[in-house]
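Novice: got a predicted structure here, sequence first:
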Amino acid sequence: MSGRYSVPAARGRFEEEIKKSRFVTTLGPASSVDEANARVAEVRAEFADASHNCWAFLIGPPGSTTTVGMSDDGEPHNTAGRPILNVLVHSGLGDVVAVVTRYWGGTKLGKGGLVRAYSGGVQRALSSCDVAEKVEWTTLDLAFDYAFVTGFKRVCPDFEATIRSEEYGEKALFKLQLPLDKLDEIQSALTQLTNGTITIS
């Protein structure tokens, strides 16, 4: 896993009417199952009088199905939750939750119509969704000879690394924060810079 991926930047909403039924799709970020469940509960409370609040979430990087959840909330089996999840899995976004609220309009849509309505609402909500980049960070403790300090400080920006603290005792001690996906690269660069004398933990 690269340690960085696209996620929804904020909550967004798309609304449409299909054969007199009103569909409201609410889409947003969620970085844990608890957060996803909380988002679902918020929408459910907001639309407490709706016929159905169907939902799905995907936690983790885009396309991963390790941590997912879904519910048809009373609609026929696999006509709502699964179609919503399918769209999320292929959306290119991670850490995403979608709730599609339906106000029944008196006309049956049939299974195929329901699948199209639920997946279509999520697709349209996604197309207008602002996207942010999620970066997973890690920290490193480094110890090396003073001779390499200038070179070290020069290479840090190449790896989006930020110096969190520095101390000078017997050796130069630094604490670095950097994106997880830059970890291997910076370790080999620093090993090369210090001729293998650096201690990394």
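Specialist: Yep, it's here.
Novice: my guess is residue 25 meets residue 14, correct?
Specialist: Yes - using CB atoms under 8 Å, residue 25 is in contact with residue 14, at 4.6 Å. C-beta: built from backbone N, CA, C; applies to glycine.
Novice: neighbour count winner among the two?
Specialist: residue 25 (25 against 21; other CB atoms under 10 Å).
Novice: how much space between that one and residue 103?
Specialist: The gap separating residue 25 from residue 103 is 13 Å, by CB to CB, to the nearest Å.
Novice: measure stretch 86-104 end to end?
Specialist: Distance between the two ends of stretch 86-104: 23 Å, counting by CA to CA, to the nearest Å.
Novice: mean confidence for it?
Specialist: The average pLDDT within stretch 86-104 is 92.
Novice: buried sites along that stretch?
Specialist: Residues of stretch 86-104 classed as buried under the neighbour-count rule (16 or more other CB atoms under 10 Å) are 86-89, 91, 93-102.
Novice: output the worst-scoring helix or strand of the chain on mean pLDDT as PDB, restricted to C-alpha atoms.
Specialist: Least confident helix or strand of the chain, by mean pLDDT, DSSP states H and E, is strand 131-135 with a mean of 83. What follows is strand 131-135, C-alpha atoms only, in PDB (Å, rounded to 0.1, in the frame of the first residue of the first chain):
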ATOM      1  CA  VAL A 131     -11.500  15.200  -3.400                       C
ATOM      2  CA  ALA A 132      -8.600  15.500  -0.900                       C
ATOM      3  CA  GLU A 133      -5.400  13.400  -0.600                       C
ATOM      4  CA  LYS A 134      -4.900  11.300   2.500                       C
ATOM      5  CA  VAL A 135      -1.300  10.900   3.500                       C
END
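Novice: parallel or antiparallel, list what pairs with that strand.
Specialist: strand 4-8 (antiparallel) (DSSP bridges).
Novice: check what contacts the strand it pairs with and list those residues.
Specialist: The contact list for strand 4-8 (CB atoms under 8 Å, 6 or more residues apart in numbering) reads 27-29, 31, 61-62, 92-96, 129-136, 179-181.
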